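Engineer: give me a 3D structure for the following:
(chains A and B)
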Amino acid sequence: KAGVTQTPRYLIKTRGQQVTLSCSPISGHRSVSWYQQTPGQGLQFLFEYFSETQRNKGNFPGRFSGRQFSNSRSEMNVSTLELGDSALYLCASSLRQFTGELFFGEGSRLTVL
Amino acid sequence: GIQVEQSPPDLILQEGANSTLRCNFSDSVNNLQWFHQNPWGQLINLFYIPSGTKQNGRLSATTVATERYSLLYISSSQTTDSGVYFCAGVIKAAGNKLTFGGGTRVLVKP
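Structural biologist: Below you'll find the model as predicted:
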């Protein structure tokens, strides 16, 4: 059974640009959640999607958004990039929302110059 | 605020040694999990352990939910055990968000 797939793995953007990251969950998993990891703030919850609906959101500005498609694949978008958005973005999937075991992808490492 | 504290923050072990990592929660927690982050950044699921004790090879974990803590035991450590270990849990008081500890960085020396 394939794991969680995130694309792209690495990307470099400049301030003011926007970026879209993709996450394909494990087959059969309907919940996808996103996390940001930085050296200063550690691992922080961004949002969770279940059945194409955002079920929960972390404390991030509106520049961070996401969506989930009918096949459970999810995308997150960051607009008007800032230097502080440089981070490892991790996606996780699980069978159920809020509960259950999480399985993470390899992450998308974003560098903002 | 809601806190997940991991101790120790750093741990240096000689190969073959045993160690215990601890995770304390400031509020009631569900769905407690332990992860190992590999050098490429991926979080590898070690244990899903809302309560009780589980073992997987040289690793084992115990969660005492009523006392809001979990322990991860590494026995006969190997250099491949090096990396950062995170605990995380869903805390209702934090809005049902998965909250991570700050991690324990483990270095196993040959």
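Engineer: where in the chain is pLDDT low?
Structural biologist: Since no chain was named, I'll use chain A. Residue ranges of chain A with pLDDT under 70: A:1, A:98-99.
Engineer: if you could check chain B rather than the one you did, that'd help
Structural biologist: If you take pLDDT under 70 as the line, chain B has these spans: B:2.
Engineer: packing partners of the one helix or strand B:L98 maps to?
Structural biologist: If you go by DSSP states H and E, B:L98 is part of strand B:97-100. Applying 3 or more C-beta pairs under 8 Å, 6 or more residues apart in numbering or on different chains; DSSP states H and E, one finds that strand B:97-100 contacts strand A:31-38, strand A:42-50, strand B:83-91. Heads up, the C-betas are built off the backbone N, CA and C, glycines and all.
Engineer: which phi and psi does residue 23 have?
Structural biologist: Since no chain was named, I'll use chain A. Dihedral angles of A:C23 (phi, psi; degrees, to the nearest 10) stand at phi -140, psi 120.
Engineer: just to revisit the earlier point, mind listing the strands the strand holding B:L98 pairs with, and their directions?
Structural biologist: Here strand B:97-100 is paired, per DSSP bridges, with strand B:83-91 (antiparallel).
Engineer: quick one: contacts of the partner strand?
Structural biologist: With contact meaning C-beta atoms under 8 Å, 6 or more residues apart in numbering or on different chains, strand B:83-91 is reached by A:43, A:98-99, A:102, B:2, B:4, B:6, B:21, B:23, B:25, B:27-39, B:43, B:46, B:70, B:72, B:96-101, B:103-106.
Engineer: can you say which of these are buried?
Structural biologist: Among the contacts of strand B:83-91, those scoring as buried are A:43, A:98, A:102, B:4, B:6, B:21, B:23, B:25, B:29, B:31-37, B:43, B:46, B:70, B:72, B:96-101, B:103-106 (criterion: 16 or more other C-beta atoms under 10 Å in any protein chain shown).
Engineer: and for the strand holding B:L98, what's in contact with it?
Structural biologist: Applying C-beta under 8 Å, 6+ apart, the contact partners of strand B:97-100 are A:33, A:35, A:42-45, A:48, A:56, A:58, A:102, B:2, B:4, B:31, B:86-91.
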